[in-house]
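Peer 1: Give me a 3D structure for the following:
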Amino acid sequence: MSASYYLQQALLELVKGTPQKQRLVQAFSKCLVEIDGTELPPAARADLVALCTELESVHPLPGETAVQATVRKMSASEAERCAERIVAIAGSLLGEQALGPSRPSRERGDGHDTVIPLFAVEA
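Peer 2: Residues are numbered from 1 along each chain as shown. Presented below is the predicted three-dimensional model:
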């Protein structure tokens, strides 16, 4: 699978209804570790390596992974910043077009939000 696929899957993990720290662990464990960094632009590759290093920085207790231990020790704002970094990495690869604008658009004029696709369709 491609880096864009795994980044899309990571984004889907981040928007689930589970607690934020659990979503972050899942996004990392199921998706980010699968990414081949050579598919990323150099800046995004460096960001991914730094994020992975940060998310595996705490020595785990028996029965847990390093990422689980690291995220367990994070504050909610630290976990939020890590999630934002994942979105930024995805944006650098997928492009702003694929992620849509940062604010809802009300261009239709009928009071309904315009639907903005989150992911570009892969050929």
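
Peer 1: going forward, measure contacts and count neighbours with C-alpha atoms only.
Peer 2: Will do.

Peer 1: Pull out the buried positions in stretch 48-60.
Peer 2: For stretch 48-60, a neighbour-count test (16 or more other C-alpha atoms under 10 Å) marks 48, 51-52, 55-56, 58 as buried.

Peer 1: Correction: the previous question concerned stretch 39-48.
Peer 2: Buried-residue list, stretch 39-48, by 16+ other C-alpha under 10 Å: 40, 44-45, 47-48.

Peer 1: Report the mean per-residue pLDDT for it.
Peer 2: Average pLDDT, stretch 39-48: 88.

Peer 1: How about stretch 87-104?
Peer 2: Stretch 87-104 comes out at a mean pLDDT of 66.

Peer 1: For whichever strand or helix holds Arg72, name the packing helices and strands.
Peer 2: Element membership for Arg72, per DSSP states H and E: helix 66-73. Applying 3 or more C-alpha pairs under 8 Å, 6 or more residues apart in numbering; DSSP states H and E, we find helix 66-73 packed against helix 20-30, helix 42-55.

Peer 1: Identify whichever of these lies nearest to Ser75.
Peer 2: Of all the helices and strands packed on helix 66-73, it is helix 20-30 that lies closest to Ser75, at 9.2 Å by C-alpha to C-alpha.

Peer 1: ok and that closest one relative to helix 66-73, angle-wise?
Peer 2: 170 degrees (axes from the mean of the first three to the mean of the last three C-alpha atoms, to 10 degrees).

Peer 1: List the buried residues in helix 20-30.
Peer 2: Buried, per 16+ other C-alpha under 10 Å, within helix 20-30: 20-28.

Peer 1: Quickly name whichever of these is closest to Leu14.
Peer 2: Arg23 (5.2 Å).

Peer 1: nearest residue to the closest one other than its sequence neighbours?
Peer 2: Leu14 (5.2 Å; C-alpha to C-alpha, 6 or more residues apart in numbering).

Peer 1: can you pull the pLDDT of the one you found?
Peer 2: Looking at Leu14, the pLDDT reads 94.

Peer 1: same deal with Thr65?
Peer 2: On the pLDDT scale, Thr65 is placed at 95.
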